[in-house]
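Peer 1: when you get a sec, could you give me coordinates for this:
(chains A and B)
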Amino acid sequence: MDRFLRHKTLVVSLVVIASNAFGNYTLTRGMRDVGSVVSISPLPYIHAMLDPWVIAGIVLLATWMVTRLALLSWADLSYVIMVTSTAYVLSALLAKVFLNERISAIRWVGIVLISAGAFIVARTFPSTAPEPEEPEE
Amino acid sequence: MKWILLGLVVVPGTLGDVLMTIGMKRHGEIEEFDLRSLLSLLWDMVRNPYLITGIVAMAVSFFALMALLSVAQLSFAVPATASSYLVETALAKYVLKEEIDAARWAGACLVTIGVVLASL
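Peer 2: Down below sits the predicted model:
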């Protein structure tokens, strides 16, 4: 049972991390095509939502939101926030590879520290909080 | 002004995460990722008071971050909001009664410092 829980937590965490990072990437890519939309009128936003990259970004970030909530239905908050912080790392790597953004030496150090912190927490047991009292129906 | 906005990013953001965690623990463990579980989750999002207030708090935090980014630099905003990792770990221990052992604290410190450096 414990092994099953660890396995399920790992798989869902990976979906949370990937949907967050790829969602940020596709949304950024789409908004670069669309251009700046700082406006009171909803029309530029609706126009932006017709861009395929923006659509992909919205779908991925909705997936991120739902899977993160699902993960919190059994895993500790202190586990989830640390393990999913690796989305920063993946976002930075995607920005470097596909958006040609530069990563400075100090940012590489930050990326290594985030990865190390997430790795240490990922090895702890995901669920330590006591069961909640029965919700009133 | 930027310190007020920073407070409006960190406080509702951390409270939102804590409320959503309580809400989801009360919702019960999601066993399978099928359409039925998804619909039951969406239904709970509009009737579970912890989830509703949690989502509202996250929305306040998100718009405060947008406002903060319009008056301050990213290199101020991101390191300052990285403190959320330590605040949320403390709240997880005292409010949610999670067992925060040395590994969890070490991870929280590494991630916080890492986020600060990665945003410089």
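
Peer 1: and residue 101, how many neighbours does it have?
Peer 2: By default, I'm working from chain A. Using other Cβ atoms under 10 Å in any protein chain shown, A:Glu101 has 12 neighbouring residues. C-betas here are computed from N, CA, C, even on glycine.

Peer 1: you answered for a different chain; I wanted chain B.
Peer 2: 14.

Peer 1: find the residue at the geometric middle of the chain.
Peer 2: Just going to use chain A. A:Asn20 (2.7 Å; Cα atoms, centre = their mean).

Peer 1: wrong chain, I was asking about chain B
Peer 2: Nearest residue to the geometric centre of chain B (Cα atoms, centre = their mean): B:Asp17, 3.7 Å.

Peer 1: can you tell me which residues in chain A are near chain B?
Peer 2: A:66, A:69-70, A:72-74, A:76-79, A:81-82, A:85, A:88, A:92, A:104, A:106-107, A:109-118, A:120-121, A:123-124, A:128-132, A:135 (Cβ under 8 Å from any Cβ of the partner chain).

Peer 1: show me which of those are buried.
Peer 2: Buried members of the residues of chain A next to chain B, scored by 16 or more other Cβ atoms under 10 Å in any protein chain shown, are A:66, A:69-70, A:72-74, A:76-79, A:81-82, A:85, A:88, A:92, A:107, A:110-111, A:113-115, A:117-118, A:120-121, A:124, A:128-129.

Peer 1: for the helix or strand of chain A with the lowest mean pLDDT, packing partners?
Peer 2: Least confident helix or strand of chain A, by mean pLDDT, DSSP states H and E, is helix A:43-48 with a mean of 77. Under the contact definition 3 or more Cβ pairs under 8 Å, 6 or more residues apart in numbering or on different chains; DSSP states H and E, helix A:43-48 sits against helix A:2-34.

Peer 1: at 10 Å what do you get?
Peer 2: helix A:2-34, helix A:52-72 (3 or more Cβ pairs under 10 Å, 6 or more residues apart in numbering or on different chains; DSSP states H and E).

Peer 1: and the angle for the biggest helix by length in chain B with helix A:52-72?
Peer 2: Looking across chain B with DSSP state H, the single longest helix is helix B:2-27. Interaxial angle, helix B:2-27 versus helix A:52-72 (axes from the mean of the first three to the mean of the last three Cα atoms, to 10 degrees): 60 degrees.

Peer 1: OK, contacts around A:Pro130?
Peer 2: The contact partners of A:Pro130, by Cβ atoms under 10 Å, 6 or more residues apart in numbering or on different chains, come to B:Lys25, B:Leu96, B:Lys97, B:Glu98, B:Glu99.
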